[in-house]
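Undergrad: Kindly generate the corresponding structure for this input.
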Amino acid sequence: MSKVFSRDWIEGELRLIGALDTRMIGLLRAIDETGSINRAARQVGLSYKGAWQMIERANNLAPRALISTAIGGSKGGGTCLTEAGRGLLELFTRLEGQHRQFLRQLNQSLLDDPEVVLLLRRQVIKNTARNQLFGNITAIERGAVNAEVYVTLKGGERVVISVTLPSLEYLGVNIGGDAVLLINPSDILVDDGGERILVSARNRLDGHVIRVQFDGVDSEVIIQLSSGETIAATVTQTSAEVLDLKPGCKASAVFKSSAVILAVLNAPRAA
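TA: Predicted coordinates:
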């Protein structure tokens, strides 16, 4: 998974009253540059009819006409901005600069709040893994080939992940960093939280079942941890029935350290 880089968290389009938005202003700029509605429409990705409809609406709303169209003549006619149109274009250009500066200030204020930044960065993570658990890297043990990375979840649970040394260096994994753990439901075993049996899997997260959904062959078991986070596991319907898994009963999600995909959340760089 690629690293998470800085971005603008707050975005917004500058829009004046009525139809005076960035698309309309873009059309006026193109008309000013080309002297032709047809060429201007192509430049901004509009049809000729669509461009005319935008101009007619803006002209009707404005106290004075924004464009002037000449038909025929020695040069075959053309379209240009009126004095009112150029004045509007200059005003909008100034406002765009102030708008960009305002958004930069808002985004910088978010960067100054690490809790808000962490929340927002989590929202932009997209992947196909059903389970995403967030935590903090609390320990790293290096071996000859692999390393074991220990991540503490917000509920205090500790998860160990096995990664190769090259992956450790590539991701820039460091103690104190924020991490997201990706786990496929099919890689998770479920037990009923009763008498502990010995298994080779390193990780066990205890909680209780909040939902079981059957599809005729397999079943999806949703376990809620003490922190309120949930983790989904796919087991056979027969196994779910043997374990008597149902909402409210105790259950544990068990998985190997090699079953976890580790991703790191890098601190965003200020622009």
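Undergrad: Now do the buried residues in stretch 223-235.
TA: Across stretch 223-235, burial judged by 16 or more other C-beta atoms under 10 Å covers 223-225, 227, 229, 231-235. Where C-beta positions appear, they are placed from N, C-alpha and C, glycine not excepted.
Undergrad: Same check on stretch 240-260?
TA: For stretch 240-260, using 16+ other C-beta under 10 Å, the buried residues are 240, 243, 245, 251-257, 259-260.
Undergrad: Among these, which one lies nearest to Gly26?
TA: Val260 (47.4 Å; C-beta to C-beta).
Undergrad: and after the lowest-mean-pLDDT helix or strand in the chain, which helix or strand comes next?
TA: Least confident helix or strand, the chain: helix 114-123 with a mean of 53, by mean pLDDT, DSSP states H and E. Sequence order places strand 131-142 as the next helix or strand after helix 114-123, per DSSP states H and E.
Undergrad: Name every strand pairing with that next one and say which way it goes.
TA: strand 146-153 (antiparallel), strand 178-183 (antiparallel) (DSSP bridges).
Undergrad: Would you agree Met54 is in contact with Leu27?
TA: Yes - at 6.0 Å, Met54 counts as touching Leu27 under the criterion of C-beta atoms under 8 Å.
Undergrad: Where does the prediction get shaky in this structure?
TA: 1-11, 17-19, 70-77, 107, 109-129, 193-200, 266-271 (pLDDT under 70).
Undergrad: Would you mind finding the longest helix in it?
TA: Ranked by residue count and defined by DSSP state H, the top helix of the chain is helix 83-111.
Undergrad: Could you give the separation of that one from the chain centroid?
TA: 26 Å (C-alpha atoms, centre = their mean, to the nearest Å).
Undergrad: Asn59 against Thr69, yeah?
TA: No - the pair Asn59 and Thr69 does not pass the contact test of C-beta under 8 Å, sitting 10.4 Å apart.
Undergrad: okay, those two: which has more neighbours?
TA: For Asn59 versus Thr69, the count of surrounding residues by other C-beta atoms under 10 Å is larger for Asn59: 16 against 13.
Undergrad: Just the element for that one, please.
TA: Per DSSP H and E: helix 48-61 holds Asn59.
Undergrad: All set now, cheers.
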